[in-house]
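**Student:** Sequence below, structure please.
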Amino acid sequence: MTKRKPPKAPNRSRISPARPRPGGPIWLFGAHAVLAALANPSRKRLRLLLTPEAEQRHGTRLRPLLGDAQTAPEKVKREQIEQKLTADSVHQGLALLAEPLEQPDLADILIPATARPQVPAAAVRPVILVLDQVTDPHNVGAILRSAAAFGVAAVVTPGRHAAPESGTLAKAASGALEIVPYVGVTNLVRALEEMKQAGFWSLGLAGEAERTLADADPGGPLALVLGAEGPGLRRLTREHCDLIARLPTRPPIESLNVSNAAAVALYAITSR
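**Tutor:** Reported below is the predicted structural model:
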């Protein structure tokens with residue numbers, strides 16, 4: 001296999017800026033999502049609603065997180081929270097109005113592992129997840145949760161045709177949105193090329209690939225690329241992957257849900 005050239009410093013003039021934030025504040029809901037947002041010093045909090053039942057259940061964890069009057073909780077009935085959310089939102093008596101997170105630029109993610117003094121170079125294998133037009137917020141949230149569990153450096157998506165930050169996504173991520181950078185780029189193909197220049201191999205998952213993930217994984221820094229369910233990887237995205245591989249599923253199951261595929265692939269990659 002051809003060796004990857006030594007990583008270069010990211011070229012900021014060529015890398016897309018961070019994902020533009022949505023038009024205004026969003027409602028986060030559910031115990032894990034809200035508590036994680038309150039614990040995140042980068043999250044600007046505006047308004048916290050909770051029921052007496054939620055205060056009783058989560059008071060021990062809540063009190064240390066409420067360090068300013070700006071987020072003094074408002075005790076309300078469940079119906080008052082439900083008026084702020086969609087009908088199917090499982091809020092568990094907690095809702096937080098907050099500004100969307102400021103996400104880093106891709107260049108900030110592509111610093112070689114050896115340049116990160118807080119992380120020994122041999123201790124962590126740098127992995128970036130790249131989502132090619134995966135738009136379902138439940139899937140993206142679940143992927144973020146797996147990304148946090150397996151130490152992924154970032155989840156990168158197109159600026160368009162991607163799931164924006166939302167309460168539904170944050171609930172599915174179960175706190176991981178506050179941990180894993182969720183970076184949007186203008187041009188996904190260009191971003192893949194920048195990852196290669198920084199020393200990352202790009203490996204796309206496709207059910208029809210000849211080689212399995214175990215046979216194709218090149219080792220070292222890796223950008224794992226997954227496409228949307230149904231369409232899969234777009235042609236240009238596939239063409240700019242160094243390698244294409246599949247998960248060795250057995251009939252009659254030909255493929256996995258994209259979030260399940262991400263979890264299985266990350267386990268296989270990070271356990272090597």
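**Student:** What helix or strand is Ala95 located in?
**Tutor:** Using DSSP states H and E, the element containing Ala95 is strand 94-98.
**Student:** Contact partners for the residue lying closest to Pro73 once chain neighbours are set aside?
**Tutor:** Take Pro73 and drop its neighbours on the chain: the residue closest to it by C-beta to C-beta, 6 or more residues apart in numbering is Leu48, 4.6 Å away. Heads up, the C-betas are built off the backbone N, CA and C, glycines and all. Listed by C-beta atoms under 8 Å, 6 or more residues apart in numbering, the contact set of Leu48 reads Val34, Leu38, Leu66, Thr71, Ala72, Pro73, Glu74, Leu94, Ala95, Leu96, Leu97.
**Student:** residues contacting the last one?
**Tutor:** Contact partners of Leu97, counting by C-beta under 8 Å, 6+ apart, are Pro25, Ile26, Trp27, Leu28, Arg45, Leu46, Arg47, Leu48, Leu49, Lys84.
**Student:** 7 Å instead?
**Tutor:** Under the criterion of C-beta atoms under 7 Å, 6 or more residues apart in numbering, the neighbours of Leu97 are Pro25, Trp27, Leu46, Arg47.
**Student:** strands paired with the strand or helix carrying the last one, and their directions?
**Tutor:** Which is Arg47. Counting by DSSP H and E, the element that carries Arg47 is strand 45-50. If you go by DSSP bridges, strand 45-50 pairs up with strand 74-75 (parallel), strand 94-98 (antiparallel).
**Student:** most tightly surrounded among those?
**Tutor:** Each of the strands paired with strand 45-50 was scored by mean neighbour count; the highest is strand 94-98, a mean of 24, by mean count of other C-beta atoms under 10 Å.
**Student:** in this protein, which spans are helices?
**Tutor:** In the chain, the segments counted as helices under DSSP state H are 31-39, 52-62, 78-82, 106-109, 137-149, 167-173, 188-197, 213-216, 235-239, 258-270.
**Student:** wouldn't Phe200 be in contact with Pro221 here?
**Tutor:** Yes - using C-beta atoms under 7 Å, Phe200 is in contact with Pro221, at 4.4 Å.
**Student:** Tell me which of these two has more neighbours.
**Tutor:** In this view Phe200 and Pro221 are compared by other C-beta atoms under 10 Å, and Phe200 has more residues nearby, 25 against 21.
**Student:** which stretches of the chain have low pLDDT?
**Tutor:** Residues of the chain that meet the criterion pLDDT under 70 lie in 1-23, 68-71, 112-124.
**Student:** Alright, I will stop here.
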